[in-house]
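Participant: How does the following fold in three dimensions:
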Amino acid sequence: MLRLLILAIVVLQCTSVYAQPLREVRGVWLTTNGGMDWPAGRYDESSQKKSLVEMLDRLAEANFNMVLFQVQANGDVAWNSSLQPAMESLTGNGSRSLSYDVCRFVIDECHKRSMECHAWVVPFRIGSSRNAARYASNKVKHPLKSHRDLCVLYSGGYYLDPGLPETRKYLLKLYNELIEKYDFDGINLDYTRYPGDKFNDASSFKAYNPGKLSRDDWRRANINEFVAELHDMAKKVRPGIRVGSAPIGTYKNVDKYKNATSYFSYQQDPCQWIESGHHDFIIPQMYWNEDFGFTPNMVTWVNNSCKHPVVVGLAPYKLVDSKWDVDVIIDQIEKTRRTDGVAGVCFFRAEHLLGNNPKIKRLYDRLRKNVFSRPAHLPQFGSGKAPSPRNVKAEYSNGGYVITWDAPRNCDVRYYSVYLTDDKGVRIDQASDDIVGFKVKGNSFNYRSSKKGLRFAVTAFDRDYSESDPVYVNRGKDKSKKKKSKSDNDSSDEGVYVDYDFL
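Facilitator: Okay, here's the model as predicted:
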């Protein structure tokens with residue numbers, strides 16, 4: 001069955017190109033570690049803000065809708081925390097705190113462009129002793145100094161030991177501080193695993209293994225416990241936040257492909273996190289081509305995700321490092337679109353989408369002009385429908401229309417969509433040129449046209465991206481439904497009908 005599904009995906013690749021879904025994650029990791037993506041050596045506030053706005057503008061032009069902003073790298077963070085020092089890559093000096101609220105600025109700028117902003121965290125990796133020494137004069141100590149008893153040296157770098165209860169307690173306190181302070185749309189876990197088989201956790205294994213599990217099972221149980229506790233804390237502080245992670249790209253080996261696996265090589269079981277209800281989605285880092293089993297690994301993730309969204313992590317950096325052709329990335333996007341259960345893609349990293357390398361430029365142009373030429377809503381993360389807008393009106397004057405409405409009652413609205421329609425109504429479940437206002441903030445929309453008598457529909461989207469039934473403006477001649485709508489414009493399966501006002 002698996003081989004048949006893989007064959008179907010490959011065959012479908014030869015059919016129509018760039019059929020874009022209405023709903024799709026189009027994400028990018030924005031790296032602050034070493035300033036690689038941002039701020040890239042800029043340390044004054046105005047330069048940092050200017051460069052970030054330019055990056056987000058270019059992502060918005062290519063219809064990206066999610067940014068995973070790195071708020072933690074190696075025991076240092078992107079906010080003024082009481083538990084870990086502010087990143088030197090942001091301040092320019094390890095002894096300093098941030099001069100402005102970086103996270104608040106990034107969140108606000110993403111939201112202005114209708115992009116979600118997720119906090120990308122790296123829990124256990126804290127870097128080298130040399131890295132920690134940069135923060136020696138900071139009043140907020142690096143964890144290698146403040147919690148040396150929790151740290152284990154492995155392959156030249158230090159890691160917090162996931163087997164110690166105090167490690168989990170320390171990290172939960174840190175992330176509680178983050179989530180209480182900032183309204184990130186999600187939190188994305190990276191390196192949430194053991195670094196390798198030879199990690200020296202003999203003492204914690206002996207002290208904290210009452211069930212006498214095998215070393216691998218015990219390690220997986222430790223990571224599972226941390227993820228569960230983080231999920232429960234995050235949802236308690238902000239019920240609408242979404243918890244996800246970026247696991248190693250192979251869950252368990254498939255057929256002939258012998259990649260390192262999240263489950264066996266790094267004691268990481270993201271499918272258990274989903275099955276237990278402690279994850280909303282995953283972004284496996286599938287940074288290879290078909291020579292290493294891109295499609296069969298993608299299908300394996302879908303088959304083990306308990307019908308939760310799988311977003312595929314892609315590697316545009318290999319256009320340069322491994323001399324891939326741009327078509328490799330484009331083909332991978334098309335394969336994700338033809339695979340049920342895959343909700344979109346996420347690119348590692350921003351520089352490899354926005355940089356000056358000729359192949360990177362070609363990739364960006366093809367995304368902007370073709371593959372992502374239409375905007376996309378994010379997948380629906382809840383169930384049901386949002387309530388419809390109320391008191392929808394359309395006024396024609398001076399060569400255009402002004403469509404206005406009131407917000408639905410008892411609904412935290414993200415944005416609205418405005419459709420150009422006819423007597424047949426609109427299909428709100430598919431991408432269409434009929435959507436003339438895709439993500440409209442506020443309660444009005446201007447549409448320029450010299451034609452009188454055009455018909456419109458308006459829908460609302462709630463925080464979970466559930467869309468309401470459409471409210472139609474002057475659709476058809478059904479007087480009974482017009483009268484029904486005068487009271488409140490309540491939603492119904494057939495939509496709601498209201499009249500034009502012509503000036």
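
Participant: make it CA atoms for all contacts and neighbour counts henceforth
Facilitator: Will do.

Participant: Okay, and the beta partners of the residue sitting nearest the centre point of the chain?
Facilitator: Against the mean C-alpha coordinate of the chain, by Cα atoms, centre = their mean, the closest residue is M66 at 4.7 Å. Beta bridges link M66 to G27, E116 when assigned by DSSP bridges.

Participant: okay but it is in contact with L30, surely?
Facilitator: No: with contact defined as Cα atoms under 8 Å, M66 does not count as touching L30 (10.3 Å).

Participant: Which parts of the stretch 51-200 of the chain are strands?
Facilitator: Ranges of strands in the stretch 51-200 of the chain, per DSSP state E, counting those that start in this stretch, are 66-70, 116-121, 125-127, 151-154, 157-160, 186-189.

Participant: What lies in contact with the second one?
Facilitator: What that stands for is strand 116-121. With contacts defined as Cα atoms under 8 Å, 6 or more residues apart in numbering, strand 116-121 is touched by 65-73, 106-107, 110-111, 184-190.

Participant: quick one, that strand and strand 66-70 angle?
Facilitator: Angle between the axes of strand 116-121 and strand 66-70 is 30 degrees (criterion: axes from the mean of the first three to the mean of the last three Cα atoms, to 10 degrees).

Participant: Relative to the whole chain's centre, how far out is strand 116-121?
Facilitator: When distances are taken as Cα atoms, centre = their mean, to the nearest Å, strand 116-121 is centred 7 Å away from the chain's centroid.

Participant: Out of the strands of the stretch 51-200 of the chain, flag the one nearest I248.
Facilitator: Closest to I248 of the strands of the stretch 51-200 of the chain, according to Cα to Cα: strand 186-189, at 11.5 Å.

Participant: Now do the buried residues in whatever helix or strand comes next after the closest one.
Facilitator: Past strand 186-189, further along toward the C-terminus, the next helix or strand under DSSP states H and E is helix 202-207. Judged by neighbour count using 16 or more other Cα atoms under 10 Å, the buried positions of helix 202-207 are F205.

Participant: so how far is helix 202-207 off the chain centroid?
Facilitator: With Cα atoms, centre = their mean, you get 36 Å for helix 202-207.

Participant: CA atoms only for that helix, dumped as PDB, please.
Facilitator: C-alpha atoms of helix 202-207 as PDB (Å, rounded to 0.1, in the frame of the first residue of the first chain):
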ATOM      1  CA  ALA A 202      24.900   7.300  33.600                       C
ATOM      2  CA  SER A 203      24.300   9.100  36.900                       C
ATOM      3  CA  SER A 204      20.800  10.400  36.100                       C
ATOM      4  CA  PHE A 205      19.900   7.000  34.500                       C
ATOM      5  CA  LYS A 206      20.800   5.300  37.800                       C
ATOM      6  CA  ALA A 207      19.100   7.800  40.000                       C
END
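
Participant: can I get the CA coordinates of the helix or strand following it in PDB?
Facilitator: Under the assignment DSSP H and E, the closest C-terminal helix or strand after helix 202-207 is helix 215-237. Output in PDB follows, covering the C-alpha atoms of helix 215-237 (Å, rounded to 0.1, in the frame of the first residue of the first chain):
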ATOM      1  CA  ARG A 215      18.400   3.300  28.300                       C
ATOM      2  CA  ASP A 216      16.700   4.100  25.000                       C
ATOM      3  CA  ASP A 217      13.200   3.800  26.400                       C
ATOM      4  CA  TRP A 218      14.100   5.800  29.500                       C
ATOM      5  CA  ARG A 219      15.500   8.600  27.400                       C
ATOM      6  CA  ARG A 220      12.400   8.700  25.200                       C
ATOM      7  CA  ALA A 221      10.300   8.800  28.300                       C
ATOM      8  CA  ASN A 222      12.200  11.800  29.600                       C
ATOM      9  CA  ILE A 223      11.700  13.700  26.400                       C
ATOM     10  CA  ASN A 224       8.000  12.700  26.400                       C
ATOM     11  CA  GLU A 225       7.600  14.000  29.900                       C
ATOM     12  CA  PHE A 226       9.200  17.300  29.100                       C
ATOM     13  CA  VAL A 227       7.100  17.800  26.000                       C
ATOM     14  CA  ALA A 228       3.900  16.900  27.900                       C
ATOM     15  CA  GLU A 229       4.700  19.300  30.800                       C
ATOM     16  CA  LEU A 230       5.600  22.100  28.400                       C
ATOM     17  CA  HIS A 231       2.400  21.600  26.400                       C
ATOM     18  CA  ASP A 232       0.200  21.600  29.500                       C
ATOM     19  CA  MET A 233       1.900  24.700  30.900                       C
ATOM     20  CA  ALA A 234       1.700  26.600  27.600                       C
ATOM     21  CA  LYS A 235      -2.000  25.800  27.000                       C
ATOM     22  CA  LYS A 236      -2.800  26.900  30.600                       C
ATOM     23  CA  VAL A 237      -1.100  30.200  30.100                       C
END
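
Participant: residue contacts, L230?
Facilitator: Contacts of L230 (Cα under 8 Å, 6+ apart): 172, 175.

Participant: about what we covered before: in a markdown table, list the strands of the stretch 51-200 of the chain along with distance to D321 and mean pLDDT.
Facilitator: Formatted as a markdown table, those follow (distance: least, Cα to Cα, whole Å; pLDDT from 0 to 100):
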| stretch | distance to D321 | mean pLDDT |
| --- | --- | --- |
| strand 66-70 | 23 | 99 |
| strand 116-121 | 24 | 99 |
| strand 125-127 | 24 | 98 |
| strand 151-154 | 26 | 98 |
| strand 157-160 | 24 | 99 |
| strand 186-189 | 25 | 99 |
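
Participant: among those strands, which is nearest P408?
Facilitator: For the strands of the stretch 51-200 of the chain, proximity to P408 was assessed by Cα to Cα; strand 116-121 is nearest, at 22.2 Å.

Participant: domain assignment for the chain?
Facilitator: 2-12+22-371, 390-502 (automatic domain parsing).

Participant: Now render these as CSV, adding distance to G384.
Facilitator: As requested, these are exported to CSV (distance: least, Cα to Cα, whole Å):
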stretch, distance to G384
domain 2-12+22-371, 16
domain 390-502, 7
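
Participant: what's the least confident stretch among those?
Facilitator: Ranked by mean pLDDT, these bottom out at domain 390-502, with a mean of 82.

Participant: can you give me how far it is from the chain middle?
Facilitator: 29 Å.

Participant: what does stretch 286-302 give?
Facilitator: For stretch 286-302, the distance to the chain centre is 20 Å (Cα atoms, centre = their mean).

Participant: try stretch 363-370
Facilitator: 20 Å.

Participant: Just the endpoints, please. Distance across that stretch?
Facilitator: Terminal residues of stretch 363-370 are spaced 10 Å apart (Cα to Cα, to the nearest Å).

Participant: Also stretch 192-199?
Facilitator: Span of stretch 192-199 from end to end, Cα to Cα: 14 Å.

Participant: Identify each buried residue in it, please.
Facilitator: 192-195.

Participant: now stretch 239-250
Facilitator: 240-250.

Participant: Restrict it to CA atoms and write it as CSV.
Facilitator: The C-alpha trace of stretch 239-250 is given here as CSV (Å, rounded to 0.1, in the frame of the first residue of the first chain):
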residue,chain,number,x,y,z
PRO,A,239,-5.1,28.4,25.6
GLY,A,240,-4.8,29.3,21.9
ILE,A,241,-1.1,28.8,21.5
ARG,A,242,0.0,25.9,19.3
VAL,A,243,2.7,23.5,20.3
GLY,A,244,4.9,21.9,17.6
SER,A,245,8.4,20.7,16.9
ALA,A,246,11.0,20.2,14.2
PRO,A,247,12.2,16.6,14.6
ILE,A,248,14.9,14.7,12.7
GLY,A,249,13.6,14.1,9.2
THR,A,250,13.3,10.3,9.4
